[in-house]
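1. heads up, no residue letters with this:
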Ligand SMILES: NC(=O)c1ccc[n+]([C@@H]2O[C@H](COP(=O)([O-])OP(=O)(O)OC[C@H]3O[C@@H](n4cnc5c(N)ncnc54)[C@H](O)[C@@H]3O)[C@@H](O)[C@H]2O)c1
Ligand SMILES: O=P(O)(O)OC[C@@H](O)[C@@H](O)[C@H](O)[C@H](O)CO
């Protein structure tokens, strides 16, 4: 956009009377949620859901948004400059048909930088209206980092800050059981609620807080394990953003985009939907007794299919998930791997996993998303161990033979992971000889580089390959067990790699 067409930033007073009234109606509600994290995901997931529930007149509250680390300041400032407003664009396929919806989200009543407004932040703990703490600080943010609390100075880590915050609330309300909070940490960690509670308890010991405080934490605060699922893709392209600016007459620097699909499983009593009316607002939110089956189906089917396609796809020169799924041969390969190998090995007939898988394929085919295989491939070894290998092993145990597509996926991973250390990082080659940088645990990459050292793609024979694969499989430090002791696995993988080298799928 040229300078002459520069538009003002989105603000409340730029909206018409009706728009202002609708936004203010929500913004002015009492603060019920402290949010730790200002990232795209939370804004496209929990905030979007709470706004929807508020819009329907079900959720009578607003959110104070805070940044979880000193570095998150810029995004928070942008939110502040826009009076907490931002546009959410939901687009993708729903039952095979393209859908697109644009909404102005006005659920944030305040922005707060705890590193610069520590006392104000702690004062929030005294709000009688406060009921929830929702966070997403990535897996790196939800962990215990030993620290001291110096009165008046902010603690750096999210769990550390939360501990001081909760202590202030405990003191202000003299340990009133009714003033405990409900915590929904959305970080993608198994047992995320349990992890957060144990961090808070550890910090409370470090900070010298009383046993009575710890009892209040364990007995009167709820830390709910939960599983989130939605692909939130953040800002649109600059061209698209410019076109929207021209259409709206103002610039929104916080436009967020996401797929229509959303799923939130929360391990907790369904009665909590009265306080957090998401299910009753028609959102795909489930209060469940046991989160494990939901976690397992997502990790093994959705993430498993991603991991399976990433190594093979990269080897074959593919770039994106959609392109891979649209390829007739590759697409069928992934569908068959899920329906014929992953789902049977899960052995969960009650969960209608076939339908769940079809929904996932539709998400993979979302025409608005270019999900890069190289992003999914980050730290593939660790992901494969959790997302694919257990399926491969249980299938073999149940059926007495190796599942051919998962085996091919494993062969693809092993063949992609033949790294050579270069100044740019650990490099490998696609099947067409093009180089590709592997981003993974440097220790594992260094071990693998050693095993593949003498290998020559063109001249090495099957015996050498057999020796290398044997060494890789038997490295317990990589796989957590000696996979070379699994009968027939090495031979089958060597055979698959030989086939892979000479062909496409
Ligand atoms: N975007 C998605 O589709 C999606 C879907 C499901 C889960 N997730 C998960 O959500 C997380 C965030 O994704 P996003 O798209 O919002 O990214 P983002 O970059 O927009 O936001 C990242 C957020 O995490 C915080 N953060 C990063 N490192 C931190 C650390 N060490 N300590 C404390 N806070 C830290 C940032 O300040 C920011 O608030 C990722 O871990 C991702 O796996 C994302
Ligand atoms: O985010 P990662 O790197 O752990 O895994 C890559 C993808 O499988 C993942 O991002 C999914 O798209 C996401 O989990 C969907 O909710």
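-> Thanks, I have the structure now. Note that the coordinates shown come from a computational prediction; the quantities given were computed from them, not determined experimentally. Ligands and ions are numbered 1, 2, ... in the order given.
2. what are the phi and psi angles of the closest residue to ligand 1 within the stretch 251-400 of the chain?
-> Here the stretch 251-400 of the chain gets closest to ligand 1 at one residue, residue 258, 7.4 Å apart by C-beta to the nearest ligand atom. Every C-beta, even on glycine, is put in place using the N, C-alpha and C of the backbone. With angles defined as degrees, to the nearest 10, residue 258 sits at phi -160, psi 170.
3. how many other residues sit next to it?
-> Counted by other C-beta atoms under 10 Å, the residues lying close to residue 258 total 24.
4. any idea how far it is from residue 43?
-> Separation of residue 258 from residue 43 (C-beta to C-beta, to the nearest Å): 9 Å.
5. what is in contact with the two at once?
-> 88, 232 (C-beta atoms under 8 Å, 6 or more residues apart in numbering).
6. what's the following helix or strand after the worst-scoring helix or strand of the chain on mean pLDDT?
-> Lowest on mean pLDDT, DSSP states H and E among the helices and strands of the chain sits helix 138-141, with a mean of 87. Of the helices and strands lying after helix 138-141 in sequence (DSSP states H and E), the nearest is helix 158-172.
7. buried sites along that following helix?
-> 158-170, 172 (16 or more other C-beta atoms under 10 Å).
8. Repeat that for stretch 146-157.
-> 147, 149, 154, 155, 157.
9. Over to stretch 197-215?
-> So for stretch 197-215, counting by 16+ other C-beta under 10 Å, buried means 197, 199, 200, 201, 203, 204, 207, 209, 213.
10. can those go into CSV with extra columns for pLDDT?
-> Shown next, in CSV, are these (pLDDT from 0 to 100):
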residue, pLDDT
197, 98
199, 98
200, 98
201, 98
203, 98
204, 98
207, 98
209, 98
213, 98
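11. Include distance to residue 228 and secondary structure when you put those residues into CSV, please.
-> Below are the buried residues of stretch 197-215 laid out as CSV (distance: C-beta to C-beta, whole Å; DSSP: H, G, I helix; E, B strand; the rest coil):
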residue, distance to residue 228, secondary structure
197, 18, helix
199, 19, helix
200, 21, helix
201, 24, helix
203, 24, helix
204, 27, helix
207, 30, coil
209, 30, coil
213, 29, helix
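12. Max pairwise distance over those: which two?
-> Greatest spatial distance among these (C-beta to C-beta): 197 and 207, at 15.6 Å.
13. mind listing what the residue lying closest to residue 143 once chain neighbours are set aside touches?
-> Counting by C-beta to C-beta, 6 or more residues apart in numbering, residue 199 is the residue found nearest to residue 143 once chain neighbours are left out, at 6.9 Å. With contact taken as C-beta under 8 Å, 6+ apart, residue 199 is in contact with 142, 143, 144, 159, 160, 163.
14. any idea how far the spatially closest residue to the third one that is not a sequence neighbour is from residue 455?
-> Same thing as residue 144. By the measure of C-beta to C-beta, 6+ apart, the closest residue to residue 144 outside its immediate chain neighbours is residue 199, 4.5 Å from it. To residue 455, residue 199 is 45 Å away according to C-beta to C-beta.
15. How far away from the center of its chain is stretch 79-89?
-> 22 Å (C-alpha atoms, centre = their mean, to the nearest Å).
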